[in-house]
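# Predicted model and sequence follow; I will ask about them next.
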Amino acid sequence: MKSKQMKKIAVFTSGGDSPGMNANIRAVVRTGIHFGLKVYGIKRGYEGLIENDIAELSSESVSNILQLGGTVLQTARSQRFMTKEGRDIAYANLKKRGITGIVACGGNGTFTGAKIFMEEHPDIQIVGTPGTIDNDLYGTDYTIGYDTAVNTAMSAIDNIKDTANAHGRTFFVEVMGRDAGFIALRCAIASGAEAVLVPEVTTDLGKLVATLNANYERKKRAAIVIISEGDDAGGAFKVVEQIRSLLSSKDIRVTILGHIQRGGRPTANDRVLASRLGMEAVKALLDGKRGLALGVVAGEVSYTPFEVAIKHHQRIHPAMLELVEILS
Ligand code: F6P
């Protein structure tokens, strides 16, 4: 069913920023204008919606942002939107302007908020684009920002490898991902790490010690262990604390990569994914779709209901874990 009534739409970014969000905003704005819509930008996600921080965006206003990390609309994790009172104010602000469609770029928290909001207000259509570095969203092979974050972390780990090899040291490198191990696993493969710890697999520290000690015995003096911040054994410092005395090499360092993984110029993969999904999100609104998280699965655009997307987790492929073990 075509949404003939729709004249005005808005776009916002919400939750943790991710490289490629700007490409997504640009695509939504330009596609909307292409189809004769007025397009608005909402600052700081749901927070700006409540504060009425909303402005019309022109095609020119999104020039030269495609290549930038962060988000020109800024972002937030809104506590107020979790209250009915906050959502009522947000709704009134949309009504005042006649905005009936929204593209929400973010992760599970963003989609959860959108689902509740649409249940309360059936006249509002929201579709989501997957903006998070964590790649933990169900219904898409990749999220916007994941590829950039992995490449940023990989190049930092390449640098660490230089000094690790020079000194014959073992580095425990902690990467982001919240409760998902996608960044860790891909980085481990791409940087040739000796081992990786991810939250999806119960960590066996005895096995890790055995792997590292076997490496030292083979005269491999340096080693890299990638630890996902959400791993059940704890972060990198906690892991080292538990196994230091059991390792036959004592020259150990810990590096926490932290927020450098969230910034930076998006890779071509992220720019293309964000642009494609921005265009498809506007088309979805025009087709009358609502409550769907967009993604790309096996090269094709996919639409997953918010309630399904937030209930499930993207799955770690066991062959990727095997790859680290065999190649280390
Ligand atoms: O969800 C993206 C992410 O960067 C996670 O990987 C990390 O756990 C979290 O956000 C950090 O959040 P904050 O920037 O609020 O500390």
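Sure thing, it's come through. Numbers count the residues shown, from 1 in each chain.

# going forward, measure contacts between C-alpha atoms and count neighbours the same way
Noted.

# mind checking how far the residue of the chain most remote from its centre is from residue 265?
What lies farthest from the middle of the chain is residue 217; by Cα atoms, centre = their mean that is 38.9 Å. For residue 217, the distance to residue 265 equals 41 Å [Cα to Cα, to the nearest Å].

# Outline the domain layout of the protein.
Following automatic domain parsing, the chain resolves into domains at 3-145+266-311, 148-262.

# Minimum distance to the ligand: which of the ones you listed has it?
The minimum distance between the ligand and these falls on domain 148-262, with 3.6 Å, by Cα to the nearest ligand atom.

# Could you confirm whether that closest one reaches the ligand?
Yes: counting by Cα under 6 Å from any ligand atom, the ligand has neighbours in domain 148-262: 176-178.

# any idea which residue sits dead centre in this structure?
Centroid-nearest residue in the chain, with Cα atoms, centre = their mean: residue 132, separated by 1.5 Å.

# Quick check, it in contact with residue 13.
No: the criterion here is Cα atoms under 8 Å, and residue 132 misses it with residue 13 at 10.2 Å.

# so what sits against both of these two?
Shared contacts of residue 132 and residue 13, defined by Cα atoms under 8 Å, 6 or more residues apart in numbering, are found at residue 106.

# Give me the buried positions along the lengthiest helix in the chain.
With secondary structure taken from DSSP state H, the chain has its longest helix at helix 146-167. Of all the residues in helix 146-167, those buried under the rule 16 or more other Cα atoms under 10 Å are 146-154, 156-157, 160-161, 164.

# how about the residues you listed, which pair is most distant?
By the measure Cα to Cα, 146 and 164 form the most distant pair in those, at 25.9 Å.

# before we move on, back to that, want to throw the domains of the chain into CSV with mean pLDDT?
Output for the domains of the chain, formatted as CSV (pLDDT from 0 to 100):
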stretch, mean pLDDT
domain 3-145+266-311, 97
domain 148-262, 97
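
# These: which one's closest to residue 320?
Per Cα to Cα, nearest to residue 320 of those: domain 148-262, 7.3 Å.

# can you list contacts of the strand or helix carrying residue 269?
Residue 269 belongs to helix 268-286 when assigned by DSSP states H and E. For helix 268-286, contacts defined as Cα under 8 Å, 6+ apart pick out 2-4, 6, 19-21, 23-28, 31-32, 66-67, 101-103, 125-129, 144-148, 290, 294-295, 301.

# circling back to that earlier point, quick one, phi psi at the residue nearest to the centre of the chain?
phi -170, psi 150 (degrees, to the nearest 10).

# Could you identify which of the domains of the chain is most buried?
domain 3-145+266-311 (a mean of 21; mean count of other Cα atoms under 10 Å).

# Is that domain in proximity to the ligand?
Yes: interface with the ligand: domain 3-145+266-311 contributes 16, 132-134 (Cα under 6 Å from any ligand atom).

# got the contact list for the nearest residue to residue 7 once chain neighbours are set aside?
Among residues not flanking residue 7 along the chain, residue 37 sits closest, at 5.1 Å (Cα to Cα, 6 or more residues apart in numbering). If you count contacts by Cα under 8 Å, 6+ apart, residue 37 has them with 6-9.

# so residue 142 is in which element?
Residue 142 belongs to no helix or strand, assigned by DSSP H and E.

# ugh, wrong one, I meant residue 177
Applying DSSP H and E, one finds residue 177 in no helix or strand.

# Residue 128 too?
strand 125-130.

# cool, residue 325 as well?
helix 318-327.

# Excluding its own residues, what touches that helix? List them.
Against helix 318-327 from outside (Cα under 8 Å, 6+ apart): 185, 188-189, 192-196.

# One more pass at 6 Å, please.
residue 189 (Cα atoms under 6 Å, 6 or more residues apart in numbering).

# Endpoints of stretch 14-28, how far apart?
15 Å.

# How about residues contacting that stretch?
Contacts to stretch 14-28, defined as Cα under 6 Å, 6+ apart, come from residues 45, 62, 65-66, 69-71, 75-77, 106, 132-133, 144-145, 262, 266, 270-271, 274-275, 278-279.

# now the strands for the chain?
Listed in chain order, the strands of the chain (DSSP state E) span residues 8-13, 38-42, 54-56, 101-106, 125-130, 170-175, 195-197, 223-228, 252-256, 292-297, 300-305.

# orientation of the second one relative to strand 101-106 in degrees?
Here the directions of strand 38-42 and strand 101-106 differ by 40 degrees (axes from the mean of the first three to the mean of the last three Cα atoms, to 10 degrees).

# Partner strands of strand 38-42 and their direction?
strand 8-13 (parallel), strand 54-56 (antiparallel) (DSSP bridges).

# Same check on the fifth one?
In its sheet, strand 125-130 lies beside strand 101-106 (parallel), strand 292-297 (parallel), with partners assigned from DSSP bridges.
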